[in-house]
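[1] my questions are about this predicted structure, shown below with the sequence.
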Amino acid sequence: MLIPAVFISSGDLNAAVVIDHTSVQDFDSIPSEYISLAKSNLRIAYGHTSHGSQIVTGMSMLNSENESLYGYTTGSDGFFCDGCMSGASDLGNPDRTAWVIATRNYLNGSGNTRNVIIWSWCGQVSSATESDIADSYLANMAQLEQEFPDVAFIYMTGHLDGTGEDGNLSLRNEQIREYAREHNKILFDFADIESYDPDGIYYPDESDACGWCAEWCEGNTCPDCDGCAHSHCFNCYNKGKAFWYMTAVLAGWNQGGSSDNVEDNASGSGGGNGGGCFIATAAYGSSLEPHVEILKEFRNAYLMPTKLGKRVIKIYYEYSPGIADVISKHKSLKIAVRWGLAPVVGIAYISLHTSVPQKIAVISIITMFMTGFYLIIRTKRKAKIIHFNTDYSRQR
């Protein structure tokens, strides 16, 4: 499936993005550069209680395996802000709508730079009615998407409870899935991930304890953890894999694709995100910074329409995430890169916001300045050479 932008918000999608057990199976196919892109461009806020913590535990397990790739910043300014949205604990606690107010207040306040919002369930889908899901959950998600069009809101199913395919949980989860498919939403299918083992065997009557996890790990090597809430460590591990898969997709990776498809993804609207200007975003500290917006506009107007421009962008996307990651960690580098980008931003602004006669005039002035500068340097060099030859002749 083609993902149409380097960062996709809820309004960008041409088709639903479903993160499920197949995402876990495809985890090893994620190009590492897209994990780096995600950490550079995404600013995620996550609200959850115990069951939702399974994702965080899985992320920690992957971090332990490969900190350089799966390590991430946390807190109010970090890549992942866990529990930052005060006023609600999850999608059903203290009630079924408190999370809406908590999200709105957060995005209008201290979380105004966040571009991904995730809330999880903790058992409330099992007791939900059809109207609970339709009115309290889906309708409110749609409302928030209208209010904050540059934010990606992640839909989620509820964890398994052992009631099987005929139980209320299965019906309500399917209601959420159907809505996501029909309305082109991003769905983290929590229940589906718990329903399949790595061999693709389906366990329709499984519970959140993940009985198949223990059985599968008896005959296979599984990572350990300090504890996975309500479940087996392998269940948490898979949730962590699915999470990173989702972030790679949000960062522009084609599901099942490769980095060769980057140039097809580069033409997105950009919205309120980095839009692929990774180095500038790292240097200026925000993808919403005006200088970064100018560079994105220039890219879309002058580079994207040509094959050569797309090739340049593709090369840039291949190498810039690692550079941006280094820049983001050093204040002195940020300052140096800003100075270096200043003339580039200036030229981009002139290109975008002047008429043709003005562009010609500006280019003429720059050309005259550069020519004059070159002639001065050349004249001085010639003078030095003549002076050197004169002195050399006298010495002889």
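    Yes, it's here. Numbering: from 1, shown residues only.
[2] contacts for the helix or strand where Ile350 lies next, please.
    Using DSSP states H and E, Ile350 falls within helix 331-353. Helix 331-353 is contacted from outside by 279-280, 282-285, 291, 294-295, 297-298, 301-302, 326-328, 358-359, 362, using C-beta atoms under 8 Å, 6 or more residues apart in numbering. Where C-beta positions appear, they are placed from N, C-alpha and C, glycine not excepted.
[3] the same query, at a cut-off of 7 Å, please.
    279-280, 283-284, 291, 294-295, 297-298, 301-302, 326-327, 359, 362 (C-beta atoms under 7 Å, 6 or more residues apart in numbering).
[4] from the residues you listed, which is closest to Met59?
    Val326 (22.2 Å; C-beta to C-beta).
[5] ok, the residue nearest to that closest one when sequence neighbours are not counted - how many residues close by?
    Excluding the flanking residues, the one nearest Val326 by C-beta to C-beta, 6 or more residues apart in numbering is Leu333, at 6.9 Å. Counted with other C-beta atoms under 10 Å, the neighbours of Leu333 add up to 15.
[6] now do the one 4 residues further on
    Residues within reach of Val337, counting by other C-beta under 10 Å, total 19.
[7] swap in Val326?
    Val326 has 11 neighbouring residues, counting by other C-beta under 10 Å.
[8] what about the chain, any weak spots by pLDDT?
    Filtered on pLDDT under 70, the chain yields the residue ranges 1-14, 254-276, 286-288, 304, 366, 370, 373-374, 380-396.
[9] can I see the domain layout of it?
    17-261, 278-353 (automatic domain parsing).
[10] about what we covered before: distance-wise, check the residue nearest to Val326 relative to Ile323.
    Leu333 is 10 Å from Ile323, where distance means C-beta to C-beta, to the nearest Å.
[11] among the contacts of helix 331-353, which are located in helices?
    Counting by DSSP state H, the contacts of helix 331-353 place 279-280, 283-284, 291, 294-295, 297-298, 326-327, 359, 362 in helices.
[12] just the buried members of these?
    Buried subset of these (neighbour count, 16 or more other C-beta atoms under 10 Å): Ile279, Ala280, Ala283, Tyr284, His291, Ile294, Leu295, Glu297, Phe298, Ile327.
[13] mind listing what the second one touches?
    Taking C-beta under 7 Å, 6+ apart, we find Ala280 in contact with His291, Val292, Leu295, Leu341.
[14] show me which pair in these is furthest apart.
    Spatially, the most separated pair among those is Val292 and Leu341, at 9.4 Å (C-beta to C-beta).
[15] name the residue in the two with the higher neighbour count.
    Comparing Val292 with Leu341 by other C-beta under 10 Å, the one with more neighbours is Val292, at 26 against 19.
[16] for Ala336, see how far away the nearest residue to the more buried one once chain neighbours are set aside is.
    With sequence-adjacent residues excluded and distances taken as C-beta to C-beta, 6+ apart, Val292 is closest to Ala280, at 4.7 Å. From Ala280 across to Ala336, the span is 13 Å (C-beta to C-beta).
[17] returning to that earlier point: what about the residue nearest to Val326, distance to Ala348?
    Distance from Leu333 to Ala348, by C-beta to C-beta: 21 Å.
[18] again with Gly58
    From Gly58 to Ala348 the distance is 41 Å (C-beta to C-beta).
[19] out of those two, which sits in the busier spot?
    Gly58 (27 against 20).
[20] that one contacts Tyr245, correct?
    No - using C-beta atoms under 7 Å, Gly58 makes no contact with Tyr245, being 11.3 Å away.
[21] what number of residues lie near Ala139?
    Neighbour count for Ala139, taken as other C-beta under 10 Å: 14.
[22] which parts of the stretch 101-250 of the chain are helices?
    130-131, 139-147, 168-182, 190-195, 211-218, 233-250 (DSSP state H, counting those that start in this stretch).
[23] how far off helix 139-147 does the third one point, in degrees?
    Read it as helix 168-182. 30 degrees (axes from the mean of the first three to the mean of the last three C-alpha atoms, to 10 degrees).
[24] in helix 168-182, what's buried?
    Neighbour-count burial for helix 168-182 [16+ other C-beta under 10 Å]: Leu169, Ser170, Arg172, Asn173, Gln175, Ile176, Arg177, Tyr179, Ala180.
[25] give me the residues contacting it.
    16, 18, 125-126, 128, 130, 133, 138, 155, 157-158, 161, 163-164, 185, 187, 189, 191.
[26] please apply the same query to the fifth one.
    Applying C-beta under 7 Å, 6+ apart, the external contacts of helix 211-218 come out as Asp197, Pro198, Tyr203, Glu206, His232, Phe234, Asn235.
[27] cool, and the longest one?
    Taking contacts as C-beta under 7 Å, 6+ apart, the residues outside helix 233-250 that touch it are 3, 7-8, 17, 19, 23-24, 26-27, 30, 34-35, 38, 42, 54-55, 57-59, 61-62, 70, 116, 152, 188, 193-194, 210, 213, 217, 222-225, 228, 255.
[28] now which of those residues would you call buried?
    Looks like the contacts of helix 233-250 have 3, 7-8, 17, 19, 23-24, 27, 30, 34-35, 38, 42, 54-55, 57-59, 61-62, 70, 116, 152, 188, 193-194, 210, 213, 217, 222, 225, 228, 255 buried, using 16+ other C-beta under 10 Å.
[29] sounds good, over and out.
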